[in-house]
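Colleague: requesting a structural model of the entry that follows:
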Amino acid sequence: MNRPDAVPATPEADPAGADPATAAHPATETQAVGPAAHPATAAQTHQRADHRADHQPSRRTGHPAVLPPADLRRLLADRLDPSAHAWLDRALEEAAEHPGTHGPISVWELRLAEAGRRCGTAHADAARVLILDAARADTDALTRVYSQGTADERRAVLHALAHLVPGPDAVPLVEDALRTNDTRLVAAALGPYGARHLDPHTWRHAVLKCLFTGVPVDRITDLARRARGDGELARMLGDFAEERTAAGRSVPDDLYRVLALASTDGPAPPTPTPTQTQTPTRAPRPTPAPGRPRAPHRPQADTPHPDDDPHVKET
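Modeller: Residues are numbered from 1 along each chain as shown. Take a look at the predicted model:
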């Protein structure tokens with residue numbers, strides 16, 4: 001976030017407080033914080049590490065947008081070392097005692113900036129969501145943190161929306177995240193809050209953006225419920241597949257999974273509870289709609305993975 005000059009910087013790449021299973025590889029840390037690292041290289045290295053961790057749920061505390069804050073805090077307490085645990089307890093007490101806005105920046109906003117260094121990058125999202133929840137941040141406060149914050153803090157705000165904003169007031173933040181080329185923000189925008197409040201047109205285009213930029217559709221909350229029987233989404237997916245095939249490019253396998261849902265009538269299966277563990281399964285490729293040829297599947301060597309370039313530009 002934009003901090004007063006007197007406030008010292010708190011680099012996010014420091015894995016202090018992370019348990020051995022979640023600490024970054026030493027080579028990654030050298031690139032991220034070493035004196036010879038180029039700033040752009042350091043930022044990209046840190047973002048790649050975070051993106052890889054985002055796709056390894058077993059190594060993280062639990063999805064901070066899905067788990068209730070009380071459950072999230074219990075899980076986080078089991079994962080943090082004693083010093084990180086003590087820091088988080090103090091930060092939550094400060095946020096609870098001094099919620100809202102006080103002066104140019106509140107003490108709990110400073111703690112958001114420290115979370116990565118204090119708790120480790122694998123648990124920073126959960127720690128930030130808990131601080132926002134303890135501070136009872138309203139839509140105005142969340143908007144301020146989002147507009148002034150780093151990409152990590154913006155992602156935490158997006159995760160916290162499901163816990164703190166009951167209505168659609170914060171949809172502009174979700175829409176802003178979907179306009180970025182940061183795939184981590186795009187994935188966070190399609191969490192529980194986006195699933196509840198995005199209008200159909202915006203949600204469909206967000207699904208297409210995930211397919212274009214390589215965000216796994218498993219990251220889209222309530223995909224089965226919203227996609228099932230959506231004829232317009234099926235049409236858009238078919239057009240997208242035809243365009244890629246005509247250009248000699250591969251069609252992502254995830255497209256066929258979503259198309260299978262959009263081409264299926266009937267109610268969606270019940271949404272699993274946060275404590276249930278799901279193993280993603282690959283849906284069979286559906287029969288194309290009448291009059292529309294199926295786009296052939298090609299090797300995906302030309303499809304960039306977000307880990308290779310987290311800022312893929314949409315054409």
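
Colleague: going forward, measure contacts between C-alpha atoms and count neighbours the same way
Modeller: OK.

Colleague: pLDDT below threshold where in the stretch 201-315 of the chain?
Modeller: By pLDDT under 70, the weakly predicted segments of the stretch 201-315 of the chain are 266-315.

Colleague: can you show me the helices along it?
Modeller: Assigned by DSSP state H, counting those that start in this stretch, the stretch 201-315 of the chain shows helices spanning 223-227, 231-246, 253-262.

Colleague: do the stretch 1-150 of the chain as well
Modeller: 26-33, 39-54, 69-79, 82-97, 107-119, 121-134, 139-148.

Colleague: tell me which of these sits most buried.
Modeller: Mean neighbours per residue, mean count of other C-alpha atoms under 10 Å, is largest over the helices of the stretch 1-150 of the chain for helix 121-134, with a mean of 27.

Colleague: with only the CA atoms kept, save that helix in CSV.
Modeller: These are the backbone C-alpha positions of helix 121-134, laid out as CSV (Å, rounded to 0.1, in the frame of the first residue of the first chain):
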residue,chain,number,x,y,z
THR,A,121,3.7,-16.2,1.8
ALA,A,122,1.8,-19.5,2.0
HIS,A,123,-0.3,-18.1,4.9
ALA,A,124,-0.4,-14.4,4.1
ASP,A,125,-3.7,-14.4,2.4
ALA,A,126,-5.4,-16.1,5.3
ALA,A,127,-3.8,-13.7,7.8
ARG,A,128,-4.8,-10.7,5.9
VAL,A,129,-8.4,-11.9,5.6
LEU,A,130,-8.5,-12.4,9.3
ILE,A,131,-7.2,-8.9,9.9
LEU,A,132,-9.8,-7.4,7.6
ASP,A,133,-12.5,-9.4,9.4
ALA,A,134,-11.3,-8.4,12.8
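
Colleague: and it with helix 82-97, angle?
Modeller: Between helix 121-134 and helix 82-97, the angle comes out at 20 degrees (axes from the mean of the first three to the mean of the last three C-alpha atoms, to 10 degrees).

Colleague: report the mean per-residue pLDDT for helix 121-134.
Modeller: Over the span of helix 121-134, the pLDDT mean works out to 96.

Colleague: for that helix, packing partners?
Modeller: helix 39-54, helix 69-79, helix 82-97, helix 107-119, helix 151-164 (3 or more C-alpha pairs under 8 Å, 6 or more residues apart in numbering; DSSP states H and E).
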